[in-house]
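Engineer: sequence and predicted model, in that order:
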Amino acid sequence: MSTRSKGVFINICVADVEKSVAFFRELGFEFDEKYTNGVAGCLILQENVYVMLLCEEHFQIFTPKTIVHTKNATELLLGIQLETPEAVNALCERAFSLGARRYKEPEEVSGMYGWGFEDLDGHIWECFNTSAEPENIEAAEEKSESGSRALIPGLALDFIEHLTQDIQ
């Protein structure tokens, strides 16, 4: 039996919902107004994939754990694939002009171009574009060493390994 989701909701804690919604609207993202109010903003990444921007009090309802404050620690990396390297640059540059923090320089690894920004609350948004052809991804998957790693497209795996080489 296979488990399939009808939708993905990524919940992140933000200091000011209205300010965060305004920031992401300025970047060109749309919001589902049914779920956007003073305590939450429902950012639409694509059909059935959403990022819920939740105020701390509302976020805390969903977890008994301490909330990670992303100005000092990383809770997750949000990766979004864009159509072209130029689209990656345009989104990041626009984010910087709206107050996002530059935490690294653009880089190209194994046919994948990436850059990113920290949003107003310190969440890291990894924007990337890949010029990989399907046959290149399949070849890279075949050289993958473990079953779990084979689930990640090979070129993305090369990119992830490059980004984490100092940690290992």
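Structural biologist: Sure thing, it's come through. Numbers count the residues shown, from 1 in each chain.
Engineer: how much space between V17 and L91?
Structural biologist: When distance is defined by Cβ to Cβ, to the nearest Å, V17 is 21 Å away from L91. C-beta coordinates here come from the backbone N, C-alpha and C atoms, glycine included.
Engineer: what residue spans form the domains of this protein?
Structural biologist: The record assigns the chain these domain ranges, following automatic domain parsing: 1-61, 73-168.
Engineer: closest to I67 out of those?
Structural biologist: Taking Cβ to Cβ as the criterion, domain 1-61 is the member of these that comes nearest to I67, at 5.4 Å.
Engineer: and the end-to-end length of that closest one?
Structural biologist: Distance across domain 1-61, first residue to last, is 32 Å (Cα to Cα, to the nearest Å).
Engineer: let me know the average pLDDT across that domain.
Structural biologist: Taken as a whole, domain 1-61 has an average pLDDT of 95.
Engineer: do stretch 119-133 as well
Structural biologist: The pLDDT scores in stretch 119-133 average 88.
Engineer: what about the strands in this structure?
Structural biologist: Using DSSP state E, the strands of the chain run over 8-14, 30-31, 40-46, 49-55, 77-81, 107-109, 112-118, 124-130.
Engineer: about what we covered before: save the domains of the chain as a markdown table, and put in distance to I67 and mean neighbour count too.
Structural biologist: As requested, those are arranged in a markdown table below (distance: least, Cβ to Cβ, whole Å; neighbours: other Cβ atoms under 10 Å):
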| stretch | distance to I67 | mean neighbour count |
| --- | --- | --- |
| domain 1-61 | 5 | 15 |
| domain 73-168 | 8 | 15 |
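Engineer: ranges for the helices of the protein?
Structural biologist: With DSSP state H as the criterion, the chain has helices at 17-26, 56-60, 85-97, 134-142, 154-164.
Engineer: what packs against the first one?
Structural biologist: The contact analysis (3 or more Cβ pairs under 8 Å, 6 or more residues apart in numbering; DSSP states H and E) places helix 17-26 against strand 30-31, strand 40-46, strand 49-55.
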